[in-house]
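> Everything below, folded, please.
(chains A and B)
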There are 2 protein chains.
Amino acid sequence: MDNAKINEEVQKLLKLKSELQEREGPKKFVLKTGKGTRDYSPKDMALREKVFQVIVSTFKRHGAETIDTPVFELKDTLTGKYGEDSKLIYDLADQGGEILSLRYDLTVPFARYVAMNKIDNIKRYHIAKVYRRDNPAMTRGRYREFYQCDFDIAGQFDPMVPDAECLRIVHEILGGLDVGPYIVKVNHRKILDGIFATCGVPEDKFRPICSAVDKLDKTFWEDVRLEMVEEKGLDPQVADLIGEYVSLKGGADLISKLEADERLMGDKRTVEGLKDMKLLLKYCQLFGMEDRVSFDLSLARGLDYYTGVIYEAVLLGTKVNESSDSEVVGVGSVCGGGRYDNLVGMFAAKQKTVPCVGLSIGVERIFSILEAKAKREKLSVRTTETEVFVAAAQKNLLDQRMELCTLLWDADIKTEQSYKKNPKLLNQFQYCEENGIPLCVIIGQSELEQKIVKLRNVSTREERAVPRENMIEEIRKELSTCLQK
Amino acid sequence: MDNAKINEEVQKLLKLKSELQEREGPKKFVLKTGKGTRDYSPKDMALREKVFQVIVSTFKRHGAETIDTPVFELKDTLTGKYGEDSKLIYDLADQGGEILSLRYDLTVPFARYVAMNKIDNIKRYHIAKVYRRDNPAMTRGRYREFYQCDFDIAGQFDPMVPDAECLRIVHEILGGLDVGPYIVKVNHRKILDGIFATCGVPEDKFRPICSAVDKLDKTFWEDVRLEMVEEKGLDPQVADLIGEYVSLKGGADLISKLEADERLMGDKRTVEGLKDMKLLLKYCQLFGMEDRVSFDLSLARGLDYYTGVIYEAVLLGTKVNESSDSEVVGVGSVCGGGRYDNLVGMFAAKQKTVPCVGLSIGVERIFSILEAKAKREKLSVRTTETEVFVAAAQKNLLDQRMELCTLLWDADIKTEQSYKKNPKLLNQFQYCEENGIPLCVIIGQSELEQKIVKLRNVSTREERAVPRENMIEEIRKELSTCLQK
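Predicted structure coming up:
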């Protein structure tokens, strides 16, 4: 059945659907966010900021710049980059003008950016949301709208030097976040292709078979084998041969073992890939992270565009008891990436290529782990940074409170007051305590007459009189003491 | 012509279009971003971060929390909120499942969030991109994808107290950014409605006529009058009466003038609105910004959902000479907002309402002003924060450079090195100078043997030997001196 025919049928069905909706009259309005998406509450945001802070400071520690690109791209820009996953791309409606799609990742927009601006080399990070019409699993941090934190190095450099730095960055980020032990699985597309060729996979089936291998971290070999044989028409004996190779993992020992495999070493790609892997493991050692890296032949990565080293960081022993249903939640991979030397060339005039390597942190999964942890440990999080609350001890002092607030804001002191004309003093104190505001400035008629304010330390509940002219100075002193505690 | 018929015709045309495209064969791929959108280069991002920093620190100075919502909402959530502007909403394609649209602003998602989470009061800011299928004017900072920086106060409080704080926030932000003098125009929807009623506008034409008045900042009264009479079927005499009122502006004097207008004061809405305005001007005085506020009856704001005070900040005398074509660019309004007391109720069960007031900073226009300024003044901006570059004076020292980088990264010092195996020393120095990296650590064979490194101050080009064991300490000392300069 050809595409035109399918499109025609889809159009018919969509028309029927909209006719049906019209006939049914106005639907009841449903108050929700789109499927697979979520709001971030102030508490969620406080956690998110903390995680981003660790990630961004690591990227900056390695001298990265940052860029931003639009949330949608011309549909043509995304076409043919993602292999089997393309069906998960969100399209925008054709409202006249260009045909647009929401970005599926940050890598393809980055490659488009590099090609469009004729950039020879750049080291950049990009933190933004991407969109996939996937089956959401929200408790495990799998959403249809989710953040990616990407770091990439583009440019013609010596083998494995930028690649190893990417691994070092993964190492620093996961070490800096409170997520427990982890391992970084590494593999090489050339080694996989070499294995496929040696086992007898026809060249045009490399990517589909790679896609099947990629599922090994979520399912059993039997299912993967079934996909290869039934869906993708691979000879069962070839599948079995592949099965033997992709069960192997190790370190330098595995490299030696593969080098001793004469049949395998007959393929140029395997030889090149193993040379890279040797260098990479050595550089990881120099970067102080050899115990974190595992050469794992089952790692394949789903996306089509990788051409060299690929990697994925996995948290070990993450068993989070969700309070709701005591379900054991494994989050698995929290970071992935690899080398993609031909992607920029797909956009560039005259196919001018710029080799790239990069990584992407799956922060949503990290958020869900840290959220569960904060819940378990009943950590309280401040969602504001207010330093001073201006309170009135009597009625009809709104004007005077406003004048005080003006003085404090002018002095760059983070200040709040009640938006009620005559708030009760107890309610004002309670607000301070609930929101962790360290200081409270109190005025009443007598304070105004004496040109003083009362300065209350919210946690100790101690109050002292301060001359109004020294107020700012005294507050600054007190705040620096509060911070030291 | 009914909607179903129009939709049918649209579907037919879309089908013809796609058939035509198929017949023409594969199009030439165009390397660009979607119409009305842009990439942000590292330099753009450095400026953007600076602007956001001023804005966010102001929001925090007023005790705001932050939230985030998805980039798309159910289409039904946006329907009926924007009046005439609804045609500018981007829809997502119907790919099965829910019907979604890209958010048009951050206010409606905020109201949806407040209703959905049954929140009684919240003071939050939200910085995110919104989407409008408008005619872009990119040199003036008008895009189809653009940032909004919103601050809103939701909750039942005393009149004008939160409203005045919103104006104070606008004042602090525009004062904190380097954008020159500005004025905040204020008006009140109730006063406008009172004027419309008094002049003889039928109740069902209030919002369309308000929409027409809103265009007064971009076009002449004659055009607005034409729209009222020709398009919106208003009696020409009624239009002329409105024309007299909306040309008025001032301060407390204007309030007195309107209060003396007996015909106008016969409408309850005018009386209520003027009472609010009086209070607001008084609070602005207490907040030290009375000279920045202008009561301006021509201010209408396009959106339907405002119910009370409305405001808009305008930069005065912004004449930016674009280097390209010497065009005089006026950016006009850089901030808008107002009170919308019924929006949350449109989402809430039992119409439970939560009054809100807020503001939105139009940062894209601010970016374009500051970009032009930076260009004019030829300011150089650092796009990275790298503190140390590890350089080799001879060949074959990559392993040793990597070891040094590891030491520096472990000590949280922002460090780069060349990704080439054997970079030339001169190129390494040049990289430091071009990128404003303050320090360079140099190793050669003799340094390695003596267990020292050379520490080079990039700007003075002075070098000194430092024992390797003191390297971190010496670098920290040197960096703190560099920062002081």
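
> for chain A, which spans come out with low pLDDT?
Residues of chain A meeting the criterion pLDDT under 70: A:1-4, A:6, A:10, A:14, A:16-28, A:317-331, A:483-485.

> tell me the domain boundaries of it?
Per automatic domain parsing, the structural domains of chain A span A:42-376, A:388-484.

> which one of those domains is the most hemmed in?
Mean neighbours per residue, mean count of other Cβ atoms under 10 Å in any protein chain shown, is largest over the domains of chain A for domain A:42-376, with a mean of 19. All C-beta spots, glycine's among them, are computed from the backbone N, C-alpha and C.

> In CSV: the domains of chain A, plus distance to chain B.
Shown next, in CSV, are the domains of chain A (distance: least, Cβ to the nearest Cβ, whole Å):
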stretch, distance to chain B
domain A:42-376, 4
domain A:388-484, 4
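
> In TSV, list those domains along with distance to residue B:194.
TSV is the format used below for these (distance: least, Cβ to Cβ, whole Å):
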stretch	distance to residue B:194
domain A:42-376	38
domain A:388-484	25
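
> Next up, the contacts around residue A:387.
A:413, A:414, A:415, A:437, A:438, A:439, A:475, A:479 (Cβ atoms under 8 Å, 6 or more residues apart in numbering or on different chains).

> Out of these, name the ones that lie in helices.
Assigned to helices by DSSP state H, the following of those qualify: A:475, A:479.

> how about the domains of chain A, which one is nearest residue B:398?
Residue B:398 sits nearest to domain A:42-376 of all the domains of chain A, at 7.2 Å, using Cβ to Cβ.

> so how far is residue B:205 from the nearest residue to residue A:393 once chain neighbours are set aside?
Spatially, and ignoring its direct neighbours in sequence, residue A:393 is nearest to residue A:444 (3.5 Å; Cβ to Cβ, 6 or more residues apart in numbering or on different chains). Noted for residue A:444: a distance of 52 Å to residue B:205, by Cβ to Cβ, to the nearest Å.

> what's the helix or strand for the closest residue to residue A:474 other than its chain neighbours?
Excluding the flanking residues, the one nearest residue A:474 by Cβ to Cβ, 6+ apart is residue A:466, at 4.7 Å. If you go by DSSP states H and E, residue A:466 is part of strand A:463-467.

> Same check on residue A:34?
Per DSSP H and E: nothing holds residue A:34, as it lies in no helix or strand.

> my guess is it contacts residue A:136, does it?
No. With contact defined as Cβ atoms under 8 Å, residue A:34 does not count as touching residue A:136 (10.2 Å).

> Name all residues that sit in contact with these two at the same time.
Here residue A:34 and residue A:136 have residue A:144 as joint contacts, going by Cβ under 8 Å, 6+ apart.

> about what we covered before: and the contacts of residue A:387, which of them are in strands?
Among the contacts of residue A:387, the members falling in strands (DSSP state E) are A:415, A:439.

> Pick the one among the contacts of residue A:387 closest to residue A:77.
Set against residue A:77, the nearest of the contacts of residue A:387 by Cβ to Cβ is residue A:414 (43.4 Å).

> For that closest one, give me its contacts.
Each residue near residue A:414 by Cβ under 8 Å, 6+ apart is listed here: A:384, A:385, A:386, A:387, A:388, B:60, B:61, B:62, B:63.

> Can you tell me how far it is from residue A:437?
From residue A:414 across to residue A:437, the span is 9 Å (Cβ to Cβ).

> Between the two, which contacts overlap?
Counting by Cβ under 8 Å, 6+ apart, the shared contacts of residue A:414 and residue A:437 are A:386, A:387, A:388.

> What strands flank whichever strand or helix holds residue A:73, and is each parallel or antiparallel?
For residue A:73, the element it lies in under DSSP H and E is strand A:72-74. Strand A:72-74 pairs in its sheet with strand A:100-102 (antiparallel), by DSSP bridges.

> Next SSE downstream of the strand it pairs with?
Trace forward from strand A:100-102 with DSSP H and E and the next one is helix A:107-116.

> Send me that next one as PDB with only the CA atoms.
Written as PDB, here are the backbone C-alpha positions of helix A:107-116 (Å, rounded to 0.1, in the frame of the first residue of the first chain):
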ATOM      1  CA  THR A 107      21.400  16.900  18.300                       C
ATOM      2  CA  VAL A 108      19.800  17.400  14.900                       C
ATOM      3  CA  PRO A 109      19.000  21.100  15.500                       C
ATOM      4  CA  PHE A 110      22.600  21.500  16.600                       C
ATOM      5  CA  ALA A 111      23.900  19.900  13.400                       C
ATOM      6  CA  ARG A 112      21.600  22.200  11.400                       C
ATOM      7  CA  TYR A 113      22.900  25.200  13.400                       C
ATOM      8  CA  VAL A 114      26.600  24.200  12.700                       C
ATOM      9  CA  ALA A 115      25.900  23.700   9.000                       C
ATOM     10  CA  MET A 116      23.800  26.800   8.600                       C
END
